[in-house]
Structure formats: C-alpha cells, structure tokens
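In: The following block contains a protein sequence and its predicted model.
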Amino acid sequence: MSGSDDDVIIRIEDVTKRWGKVVGVDRVSLEIRRGEFFALLGPSGCGKTTLLRMIAGFEMPTEGKIWIDGQDVSAVPPNKRPVNMVFQSYAVFPHLTVYDNVAYGLQFDNVAKADQYQRVMKALADVKLDHLAERKPDQMSGGQRQRVALARALVKRPKVLLLDEPLSALDAKLREAMRFELAELQDKVGITFVMVTHDQDEALAMASRCAVMERGRLMQTATPANLYEFPANRFVADFIGSVNMFEGQLIADEPDHAIVESPELGGKIYFDHGVSGASGEKLWVGVRPEKIELVKKLEGAPVPTPEDSPEGCNVVAGVIHQISYLGSESVYEVKLANDRIVRVSRPNLSRWDQEDFTWDDPVWLRWHGDSPVLLQV
Amino acid sequence: MARIKASPRAPLDYARALPLQLWLGVVLLFLYLPLLVLFVFSFNDSRRTTVWRGFTLEWYGKLFENEGIRDAMLNSLLIAVACTVLSVILGALMAFMFWRFKFPFKSGLEGGMSLPIVVPEICMGVALLIFFAKLNWPNDLPWPVNLTPIIIAHVTFAFPFVAIVVRARLESFNRELEAAALDLGASQWRAFRDVIVPHMGPGLIAGALLAFTLSLDDFVITFFVGGPGSVTFPVKIYSMVRFSVTPEVNAASTVLIVITVVATALALRMQSKFAKEGQGS
C-alpha cells in the first residue's frame, strides 16, 4: 500500500511502539484526511502522546510505517519532517523575543530576509500578537505564550500542525475561548490539525473527527456526534460523556426490533431497530442520562410505558436518591428497587424546573426505543 | 499621641525574640571581628599592628612596589584564569554527560564526581606532589610554563564545583525546548547551541566565578605542588607572615578578601537572577 491517496495527509500503518516489554502503542492503523481537525483522545497513558510524538519524529515506531503526504517518514528525523508541533509546555524559547522565537524556524528553510519579516508578522497577526513582537516570554501570560508557540509552528507552513494537550494549562474561561479560536484559526490557515487531549469535551467541541485510544489500542474513530451517539464498545460509551450501562441477554432479535432483558435493570429494554450481528451470552445496553425522562409516580396511575415501546419495556420505577443542581441542568441519581443507581439529567428550561423533583420522590424512568445502544465488548 | 500597639510575637517569628537577636549579634561578631581588625589595621600608620596611630595608605603603596608580591599576584591571576577556563569546559561537559545520558555505574560515578571536594586538601596536596614526582615533571621550566602543575592541581579540585553548579542548573531545563528546536528544523548541534547552552549560561558563569575564587585563594595544595619559581599570592603572604605580621600583610590579605568577596557575590547574584528568568520557559 502506498500513501498517495489525495485526500489522506497522514497514514499510520500498523504502528507499534514498544520499550522492552512495555507496549506504548499497539498495532494502530489510522488515516487522517487533508484539512481536518483530528483529535487523539484517551485517558492518560493510553499512547496518544506517543503516537503524536511518532508523527513528529521524536519517537520511532518499533513496527509499522507512517506516511505524511505520500512520503514514508518512518526513518526521517524530526527536523526534516513537514510537520510542526505546539508543545504542552509551549516550549517558547525564554531567551529570545517573541519575534525571534517565531523567526527561529525560518532560518532553516532558506527564507529571504525580506520575506522573513513579512511571514513572521503575518503569523503573529494570525494569532493576534503582532503588537507584542518585541516582548520577552517572561513578560507574557500563559495564553499569550501559547499563541507564540502557535505562530512559531504555523510560520513554517507545515503540512500538519500537531498540538499536544493545547488547552490543559489554561484556566477554565480562557480554555473555552481558545476552543473557538483554535477552530477558527484552523479554518483560516487551512492546515490539518492533529490534537492530543484527555479532555473529551475539548475533543468533541473542536475536532471534526476523533480517534479514541486505550492501552495503546485504537478503540474507535468517528465524528464527535457518532462517538457519542453510536459508541462502538463499552469503553468509548463510558469514556465519552456519561452513560448508564446494564448487562443483559437478547430475548427477541428481529429485523425491525429487538428486546434485551436485564436483571441489573429489573426490566426489559426495547430497541425500535434491528441489532444485526448481535450475539453472545453477555450484552450491555447503554442509555445516556439526558435520554431518560423522569415522570412523577402518582398513586393509582398506570405504568407510563413510552408510546413507541411494547407494554412493560423501557420503563422502570425508582426513588430519587441524590440531586446535583448544575444551573443549566440537574442530574438526578435514581435508586431502583434492586438498589442499582441510574443517572438522569434534566435541563432546567424554566426557572422553577429544579423544584419539580426532590429527595425521596417516587418516580418512573422511561426512554424511547431509539435511545438505548447495544454494546458487545 | 496614641502608639499602635505591636502585635504579640508569633511563635515562629524568631527575628523578634531578644535572646535570639543577641545570639545572632554574638555569632556575627565572632565571624567578622578578626577580618574587621585585619582590614582596619591595614590602614594603620604604624609598624606595630596592635596600636592605632592614624590613617595611612602607605602599606598599600608599599604592597604594589614590592616586586615579590606583584609577581605572586600575577602568578595567582594567571593560574586562576587558566584554571577557570579549563574547569568550566570540563565541568560543563561532565554535567551535561550526567544529565543527558544513561550508562552503567552512573550513580557511582556521579558520587565520585564530588570526591575531590570532600577529600582533605592536605591529602590532595600530598597525592599531587607524589603524582608529579613520579611523572618526573621537570621543575626547571621557564615562566609561565612552570605554573602548569599548579593549574592542573587547581583544575582537579575546581572543576567538580563547576559540574555540580551546571548540573543543578540543567535540572530545570525543559526538555520540550530542545524538542521544539529540532521540530523547527534545527540539527542536534544547533539545538544544543541555541537552546541548551543559553540555559546553562548562568550556571557556567557562577561555576566560572567559583573556580576563579577557589583557585585564587588556594594555599595548601599550591604549597605542595608549587616550586620556588611559582610562588602564588597566598603562599607569598604565608612566607611574609613567617617573619612577622606587618601591616603590609594586612593590606595584602585585604586585597585578596575583596577580590574573593566580589567574585562570590557576583556568582550568587547571577544564579538567583537567572533562576528567576528560567521560570519563564
């Protein structure tokens, strides 16, 4: 296989990284498309940073190949690769001014002096720092230093910009602002961005596609929405967002619907679609907290089965055990008859919504037939 | 007028406890009174060093007219400069090696690095004396080549100090800075020159000043290794004192103290100044 497909900028082919017996990255194959904002997402120690460092050239793969824009770079040192990196600590040279920091990389590219000034100032303008060109890094805030690091990498016009945990060192407000700004910057410069992050919100908010990794393995590669709504396995379902997971057995498996009986839930879960390919004794069903509806349990009222589900499916009784009020929404922990806790979130659409339910209220939980996700591993 | 009542002394506020203040005073007096006497009597207008007769700069004048002292001073400075240059190069390389590389017996070797610091000077002196004797090092070489054994001896005890200072400085180096230089297109050598050496800078300067002062005022080792043609400043003072303590000796000692104190103060200032700057990386 060659890496010459026109819309693939990085092709990672069966890459493994081992240090002695420790496996950092385990047989990962991945294609990153030209112009996309790609996120490598995973808990710490999952190998995402190692993979990024292999793309940059700071680590060499033990097995497998890496192609950048059709060129096999597996054995190319970092200073000869058409990629640049924004480091987690920003790594702005402390003894150089902002201008000299940004200009540093251009001396290796045979850029004429006159062009050099133009390009540095343009890069600084792109990150809104052109007014601070003569500053020293120790007179700048963390956010400004990050912009220097961005400009310093972008001025080289790399084919891919690598970002290692770009927002982790910023405070919460600035982090949120930078999310939008990075996405905007990427639009403007049109360079492929590859970002490493352990923060799923960050990945979902910024990336056009994400790869979720765990223990060196690639778990799923998809758009943020597909990762959230159609997780491929239990790890992804649990890692991205919050989920209620129930173990069960398939008792009906038709082309247009399926039913899983779960003792853990103490009820049946109905799918309004087929679950082709599902097999095995053990299955798990995931339901997101915001897809569960809380209904007050009134004396003598019938069981409020959802209209799209058969009698007794997708509905279960419980008692409100714990409430956390988060302003825009409230998260309720509901205790079922078998003491299992189910998490339900509910948007506070009106200013009085949080008063609808209180501790120890008996409630029904119900959800639609298209809400649950079947997970096999 | 109402006085603002001082708040009661906090338990850890030792600076406000009278007995401790007194103790501090006594300690400082004990440490500095002899030096102060030496300093004051270097300006005394009398041959005798115990009675104050009035202010004079006569002894400093005599000092600079004395050819023996001038030669000794020149020797000392030459040795100190050579020792500084060699110690900084050797020490920096050693520090870099221990910082960067992993190799067998590293921790043992790193401990051995400070051996010349802890070995008693008298032993070092004897050892070096035997060393040069065994080598049949010629002792009738012309000036300034005859200073070589002293320079070598000084380097052996001065360069570990440089290595320790530079090593400590390198600990605070952010490895991502080097990676960033490589990432931007620099070769290994350029990354070393452009990023690592500037970071080592304050350590190199502090180490250099340390090596300079150590060499300048070393007596014991120099006494063993040096010959009649290579008398250094401290050795010269010692030989003068053997006849009598004259105000000239006071003046000479004062000069040595001033040089040492200035160099040490500079070294300390460099370190603290750049330590602050380094945090901005």
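Out: Looks like it came in fine.
In: Which parts of the stretch 1-150 of chain A are strands?
Out: Taking DSSP state E, counting those that start in this stretch as the criterion, the stretch 1-150 of chain A carries its strands at A:8-19, A:22-33, A:37-41, A:63-68, A:71-72, A:83-86.
In: Off-centre distance for the fourth one?
Out: Which is strand A:63-68. 23 Å (Cα atoms, centre = their mean, to the nearest Å).
In: what's the average pLDDT for stretch A:153-164?
Out: Stretch A:153-164 shows a mean pLDDT of 95.
In: got the residues of the stretch 101-250 of chain B near chain A?
Out: B:174, B:176-177, B:179-187, B:194-195, B:198-199 (Cβ under 8 Å from any Cβ of the partner chain). Glycine gets a C-beta too; all of them are placed from N, C-alpha and C.
In: Just the buried subset of those, written out for PyMOL, thanks.
Out: Buried subset of those, written as a PyMOL selection, criterion 16 or more other Cβ atoms under 10 Å in any protein chain shown:
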select buried, chain B and resi 174+176+177+179+180+181+182+183+184+185+186+194+195+199
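In: What about the residues of the stretch 101-250 of chain B next to chain A, which are in helices?
Out: Using DSSP state H, the members of these that fall in helices are B:176-177, B:179-183, B:198-199.
In: rewinding a little: could you dump the strands of the stretch 1-150 of chain A into TSV and include mean pLDDT and distance to chain B?
Out: Below are the strands of the stretch 1-150 of chain A laid out as TSV (pLDDT from 0 to 100; distance: least, Cβ to the nearest Cβ, whole Å):
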stretch	mean pLDDT	distance to chain B
strand A:8-19	95	13
strand A:22-33	94	16
strand A:37-41	96	17
strand A:63-68	95	14
strand A:71-72	93	16
strand A:83-86	95	5
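In: Put together JSON lines for those strands, with mean neighbour count on each row.
Out: Converted to JSON lines, the strands of the stretch 1-150 of chain A look like this (neighbours: other Cβ atoms under 10 Å in any protein chain shown):
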{"stretch": "strand A:8-19", "mean neighbour count": "19"}
{"stretch": "strand A:22-33", "mean neighbour count": "18"}
{"stretch": "strand A:37-41", "mean neighbour count": "27"}
{"stretch": "strand A:63-68", "mean neighbour count": "20"}
{"stretch": "strand A:71-72", "mean neighbour count": "14"}
{"stretch": "strand A:83-86", "mean neighbour count": "27"}
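In: And those: which comes nearest A:V260?
Out: Closest to A:V260 of those is strand A:37-41 (Cβ to Cβ; 28.3 Å).
In: Neighbouring strands of the closest one in the sheet, and parallel or not?
Out: strand A:192-197 (parallel), strand A:209-214 (parallel) (DSSP bridges).
In: Please identify which of the ones in helices among the residues of the stretch 101-250 of chain B next to chain A is nearest to A:R209.
Out: B:D183 (23.9 Å).
In: Surely A:I10 touches A:P158?
Out: No - if you go by Cβ atoms under 8 Å, A:I10 and A:P158 don't touch, sitting 11.7 Å apart.
In: what's the burial count for residue 207?
Out: Picked chain A for this. 23 (other Cβ atoms under 10 Å in any protein chain shown).
In: Switch to chain B, please.
Out: 31.
In: Turn the ones in helices among the residues of the stretch 101-250 of chain B next to chain A into CSV, including pLDDT.
Out: Below are these laid out as CSV (pLDDT from 0 to 100):
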residue, pLDDT
B:E176, 94
B:L177, 96
B:A179, 95
B:A180, 96
B:A181, 96
B:L182, 96
B:D183, 96
B:P198, 92
B:H199, 92
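In: re earlier: please identify which of the strands paired with strand A:37-41 is closest to B:A82.
Out: Taking these one by one with Cβ to Cβ, strand A:192-197 is closest: 50.9 Å.
In: can you give me the angle that closest one makes with strand A:63-68?
Out: 130 degrees (axes from the mean of the first three to the mean of the last three Cα atoms, to 10 degrees).
In: circling back: make a markdown table out of the strands paired with strand A:37-41 and add mean neighbour count, distance to B:Y60 and mean pLDDT.
Out: Supplementary listing: the strands paired with strand A:37-41 in a markdown table, determined by neighbours: other Cβ atoms under 10 Å in any protein chain shown; distance: least, Cβ to Cβ, whole Å; pLDDT from 0 to 100:
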| stretch | mean neighbour count | distance to B:Y60 | mean pLDDT |
| --- | --- | --- | --- |
| strand A:192-197 | 24 | 67 | 95 |
| strand A:209-214 | 24 | 75 | 96 |
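In: what packs against the least confident helix or strand in chain B by mean pLDDT?
Out: When the helices and strands of chain B are compared on mean pLDDT, DSSP states H and E, helix B:247-278 comes out lowest with a mean of 79. With contacts defined as 3 or more Cβ pairs under 8 Å, 6 or more residues apart in numbering or on different chains; DSSP states H and E, helix B:247-278 has these neighbours: helix B:18-41, helix B:58-65, helix B:197-216, helix B:233-243.
In: And the ones you listed: which comes nearest A:R209?
Out: helix B:197-216 (38.5 Å).
In: As CSV, could you dump the C-alpha coordinates of the next helix or strand after the closest one?
Out: Later in the chain than helix B:197-216, the nearest helix or strand by DSSP states H and E is helix B:220-225. Output of helix B:220-225 as CSV, limited to C-alpha atoms (Å, rounded to 0.1, in the frame of the first residue of the first chain):
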residue,chain,number,x,y,z
VAL,B,220,47.5,24.0,50.9
ILE,B,221,47.6,22.3,47.5
THR,B,222,49.6,25.0,45.9
PHE,B,223,52.1,24.9,48.7
PHE,B,224,52.8,21.2,47.9
VAL,B,225,52.8,21.4,44.2
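In: So which other helices or strands are in contact with helix B:220-225?
Out: Short answer (3+ Cβ pairs under 8 Å, 6+ apart): helix B:220-225 packs on helix B:121-134, helix B:148-171, helix B:233-243.
In: and the angle from the longest one to helix B:197-216?
Out: Note on geometry: by the same axes, to 10 degrees, helix B:148-171 and helix B:197-216 are set 140 degrees apart in direction.
In: quick one: secondary structure of A:E247?
Out: Put simply, A:E247 is strand when judged by DSSP: H, G, I helix; E, B strand; the rest coil.
In: what angle sits between the least confident helix or strand of chain B and helix B:233-243?
Out: 150 degrees.
In: picking that back up, point out the most buried one among the helices and strands packed on helix B:247-278.
Out: helix B:197-216 (a mean of 23; mean count of other Cβ atoms under 10 Å in any protein chain shown).
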